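In: Here is the input, now give the coordinates:
(one chain, ligands or ions: 2)
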Amino acid sequence: MSQKPKVLISDKMDPNAARIFEERGCDVDVITGETPEQLAARVGEYDGLAIRSSTKVTKEILAAADNLKVIGRAGIGVDNVDIPAASAKGVVVMNTPFGNSITTAEHAIALIMALARQIPEANAETQAGEWPKSKFMGVEVTGKTLGLIGSGNIGSIVASRAQGLKMKVVAYDPFLSPERALELGVEKVDLGDLLARADFITLHTPLTEETRNILSRERLEQTKQGVRIVNCARGGLIDEAALKDGLDSGHIAGAALDVFATEPPPADHPLFGTPGFTCTPHLGASTTEAQVNVALQVAEQMADYLVTGGVTNALNVPSLSAEEAPRLKPYIALAEKLGSLVGQLEGPGVKSLTVEVEGAAAELNLKPITAAVLAGMMRTFSDTINMVNAPILAKENGLDVREVRRGKEGNYHTLLRVVAKTPDRTREVAGSLFGEDEMRLVEIAGTRIETDLEGHMIYIVNEDAPGFIGRLGSTLGNAGVNIGNFHLGRRLPDKHQGGDAVLMLSLDQQPDDATVKAICALEGVKKVKSLSF
Ligand SMILES: NC(=O)C1=CN([C@@H]2O[C@H](COP(=O)(O)OP(=O)(O)OC[C@H]3O[C@@H](n4cnc5c(N)ncnc54)[C@H](O)[C@@H]3O)[C@@H](O)[C@H]2O)C=CC1
Ligand SMILES: O=C(O)CCC(=O)C(=O)O
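Out: Ligands and ions are numbered 1, 2, ... in the order given. Here you go, the predicted structure:
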């Protein structure tokens, strides 16, 4: 019986996640609150790691994660995962891009209202026994301009809720098209314009090199007198020291942060206690509804990947639906074998690789097939290569990879051909599927040969002359190597005696170097390669 995939849930997550993992055939452990060292010591046991924002999946954690195949973020932001390191290690990183968007947008609206009416301060003083009725004078939001920085999933929900509150919404987002702006009913503006016009500013971008410090000191100085600012996206988008100075000077009337540059922030954070400042401890996604949504979704996605190979919402590999995955599975296995054959025959010298599909295969998603060819080929030089990191490494190494699709059937109802070029020659191999999933090599070195690619094999090219097969059989027999299967073909297009013959033999034992050398020395032999699949 094959072992169940093992998943670790390392952050607090709705219990539905563990239930789904179990129902979908995974073993699951829930161990939260560990130090990085404790997690590093444990993570090697697991195939999947389900996290929220507390677990930091660093290079060090990944280095210890020997069996890890997938990291699932129950939420949106993945800035707590070292995605390049995960990709290099062949680990898929997924998030749940929609499950908590409404909840987070509602939190932004709540903070806008809290700032407009100074609700946190009024609450604190009232409960402290005061009755500060004349101290707190708010502002209406009706008719005010809301400046949206980032109008993706969350930003656009904030826009629609703000419009319900009769605010005018202007948006700065370099990726916002005029059509989408029209659809959202927002005015697309540049950042300078937004800063000059907005009564309220709310941020909804990821933290990237472009967005880091997007509200810098200089930009905060360009905001309208009395502006109120909300950040429910990521710490690091605002210069916190400049924000404090703006509040102290009275230029900024209020600021509400759900997120901080360092989380949790130090107890003596300069903004704490500043008049007009309000905060929540990264609660943007914290509603029952959102937590159930993201927990269910992350567990479903991760279990799909671990059990069937389906890929949804991955940030470092193309998606592959749960329906596509079973159809692709035999092709992926065939692609890996053909890639491995090319890798074993040509070594690391391949400079360009074309993956051609014909007939039924031409209807499939080609990306995973190409990734599998690359993985099969590159795994002959490194054990740590898989379908996730192979395309990245191929690109880094300047390998020219192309894909060709031909809908028309040729001699086979479905065909996968790999054409690899080294500086000296072109190597072509082709395979097909018989029935649903029986894979066969059907062509090598311009020769039609039908064979499995399984276990120990030997590939031989020789001058087709009488007596060779007897000599070969004796050489293998003398070395104690039994032939399991024997496939022989003449090289196309001549196909005549005296031309080249190609042999693929399945062997019950792996021939040692001396036996391979002895075969090389047989009369008429041009090439010999011992293979393993
Ligand atoms: N406080 C919390 O608990 C939560 C925070 N978030 C954070 O909210 C942020 C936004 O989430 P979504 O709306 O789902 O993401 P999204 O990807 O749908 O939208 C982000 C938008 O930012 C825009 N953008 C990117 N670079 C920009 C730039 N330089 N200037 C202006 N706009 C830029 C993009 O074009 C995109 O439209 C994420 O960082 C996420 O981590 C998400 C959920 C909960
Ligand atoms: O999991 C959480 O509570 C934080 C959510 C969040 O920040 C996100 O989804 O990006």
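
In: Is stretch 239-257 in proximity to ligand 1?
Out: No: taking CB under 6 Å from any ligand atom as the criterion, stretch 239-257 and ligand 1 are apart, separated by no less than 9.7 Å. In this view, the C-beta of every residue, glycine as well, is placed from N, C-alpha and C.

In: Give the buried residues for that stretch.
Out: Of the residues in stretch 239-257, 239-240, 242-247, 252-257 count as buried by neighbour count, 16 or more other CB atoms under 10 Å.

In: Please list the residues of the stretch 201-350 of the chain that sit near ligand 2.
Out: Within the stretch 201-350 of the chain, the positions near ligand 2 by CB under 6 Å from any ligand atom are 282, 284-286.

In: So which of the residues you listed is the closest to ligand 1?
Out: Ligand 1 lies nearest to residue 284 out of these, by CB to the nearest ligand atom, at 2.4 Å.

In: and that closest one, what pLDDT?
Out: Listed pLDDT for residue 284 reads 98.

In: From ligand 1, how far out is the closest residue to ligand 2 within the chain?
Out: Distance from ligand 2 to each residue of the chain (CB to the nearest ligand atom) is smallest for residue 75, at 2.6 Å. Relative to ligand 1, residue 75 is positioned 6 Å away (CB to the nearest ligand atom, to the nearest Å).

In: likewise residue 104?
Out: Counting by CB to the nearest ligand atom, the gap from residue 104 to ligand 1 is 4 Å.

In: Ok, residue 218 next?
Out: Using CB to the nearest ligand atom, which is the criterion applied here, residue 218 is 16 Å from ligand 1.

In: Please enumerate residues in contact with the strand or helix carrying that residue?
Out: Following DSSP states H and E, one finds residue 218 within helix 217-221. The set of residues that contact helix 217-221 without belonging to it, under CB atoms under 8 Å, 6 or more residues apart in numbering, is 191, 195, 238-239, 241-243, 245-246, 251-252.

In: buried set for it?
Out: Taking 16+ other CB under 10 Å as the criterion, helix 217-221 shows 219-220 as buried.

In: Return that helix as PDB; C-alpha atoms alone will do.
Out: Output for helix 217-221, consisting of C-alpha atoms alone and laid out as PDB, is shown next (Å, rounded to 0.1, in the frame of the first residue of the first chain):
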ATOM      1  CA  ARG A 217       8.100  60.700   3.900                       C
ATOM      2  CA  GLU A 218       8.200  62.700   0.700                       C
ATOM      3  CA  ARG A 219       4.900  61.300  -0.500                       C
ATOM      4  CA  LEU A 220       3.200  61.700   2.900                       C
ATOM      5  CA  GLU A 221       4.200  65.400   2.800                       C
END
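
In: Spell out the secondary structure type for residue 77.
Out: On the three-state scheme (DSSP: H, G, I helix; E, B strand; the rest coil), residue 77 is labelled coil.

In: which residue is nearest the centroid of this structure?
Out: residue 316 (2.6 Å; CA atoms, centre = their mean).

In: That one should be in a helix, yeah?
Out: No: residue state for residue 316 (three-state DSSP) corresponds to coil; a helix is not indicated.

In: so it makes contact with residue 387?
Out: No: with contact defined as CB atoms under 8 Å, residue 316 does not reach residue 387; the gap is 11.1 Å.

In: And whichever residue of the stretch 1-150 of the chain sits closest to ligand 1, how far from residue 350?
Out: Using CB to the nearest ligand atom, the closest approach of the stretch 1-150 of the chain to ligand 1 is made by residue 77 at 2.5 Å. In this view, residue 77 and residue 350 are 39 Å apart by CB to CB, to the nearest Å.
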